[in-house]
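[1] Take a look and give me a structure for this.
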Amino acid sequence: MALEPSDPLERATSALRRDAERHQWLELSEAIMTRVRGISWPATRILAVDPDGQAERDAQGSRTFVSSRVVRDALRQALTTGAVEPVSIDLKVEEDHLVHLDLDLVATYAQDLREVGAWARGEAARILTEQLGPLPSFDADADADLTITITDLHDEAGPQTP
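    Model prediction:
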């Protein structure tokens with residue numbers, strides 16, 4: 001006697017494979033994966049500056065732009081640790097200029113959230129400078145340009161009594 005798989009997904013896959021009338025499961029699976037691969041985050045271009053804060057790179061007025069996806073990904077990587085993780089990273093761009101960064105972070109319980117905020121602000125400033133250059137109109141120390149919200153994770157049930 002053969003044992004049935006205990007995983008519901010394995011059982012469903014086995015049933016579809018055995019069912020002669022529904023032999024199209026491979027085509028269905030491929031159609032779903034094609035749609036999933038087609039999902040993308042909207043992106044905007046952000047003007048990058050040279051080390052002197054100038055947007056024009058040469059006498060012809062050439063400019064360099066960086067995708068907001070690239071900046072968001074770099075921020076996510078830098079702000080993800082074992083104790084802190086970004087929930088959302090919102091870049092507000094107007095006329096190709098970064099005008100505001102809103103970070104929503106979650107941190108593990110029992111951390112000094114002010115220290116976490118200061119660390120996150122420093123990391124965000126570092127990443128923005130790496131990716132976009134020293135933006136003359138963006139001040140990472142100003143709440144008007146960079147907002148950080150931190151939620152700490154803790155046990156909702158509280159301490160357990162024996």
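[2] Next secondary structure element downstream of the helix ranked longest in the chain?
    Using DSSP state H, we find that the single longest helix of the chain is helix 113-132. Reading on from helix 113-132 to the C-terminus, the next helix or strand found by DSSP states H and E is strand 146-153.
[3] Between helix 113-132 and that following strand, find me the angle.
    If you take axes from the mean of the first three to the mean of the last three CA atoms, to 10 degrees, strand 146-153 sits at 130 degrees to helix 113-132.
[4] ok, how many other residues are close to Ala31?
    Counted with other CB atoms under 10 Å, residues neighbouring Ala31 total 11. The C-beta positions use only the backbone N, C-alpha and C, and glycine is treated the same way.
[5] tell me the mean pLDDT for the helix or strand containing it?
    For Ala31, the host element (DSSP H and E) is helix 25-37. Regarding helix 25-37, the rounded mean pLDDT is 70.
[6] Contacts for the helix or strand hosting Leu98 next, please.
    In this assignment (DSSP H and E), Leu98 forms part of strand 97-108. Contacts to strand 97-108, defined as CB atoms under 8 Å, 6 or more residues apart in numbering, come from residues 46-47, 71, 75, 79, 82-93, 113, 116, 120, 124, 128, 132, 135, 137-138, 140, 144-153.
[7] For stretch 108-125, list every residue counted as buried.
    Val116, Gly117, Trp119, Ala120, Arg121, Glu123, Ala124, Ala125 (16 or more other CB atoms under 10 Å).
[8] Just give the nearest non-adjacent residue to the second one, would you?
    The shortest distance from Gly117 to any non-neighbouring residue, by CB to CB, 6 or more residues apart in numbering, is to Ile148 (5.1 Å).
[9] what about this protein, any weak spots by pLDDT?
    For the chain, residues meeting the criterion pLDDT under 70 lie at 1-6, 13, 16-29, 37-38, 40-41, 154-162.
[10] tell me, what residue is most central in it?
    Taking CA atoms, centre = their mean, the centroid of the chain lies closest to Arg76, which sits 4.7 Å from it.
[11] Please tell me how far Ala43 sits from Gln111.
    As defined by CB to CB, to the nearest Å, Ala43 lies at a distance of 32 Å from Gln111.
[12] likewise Asp102?
    From Asp102 to Gln111 the distance is 21 Å (CB to CB).
[13] same deal with Pro134?
    Distance from Pro134 to Gln111, counting by CB to CB: 30 Å.
[14] Please consider this matter closed, and thank you.
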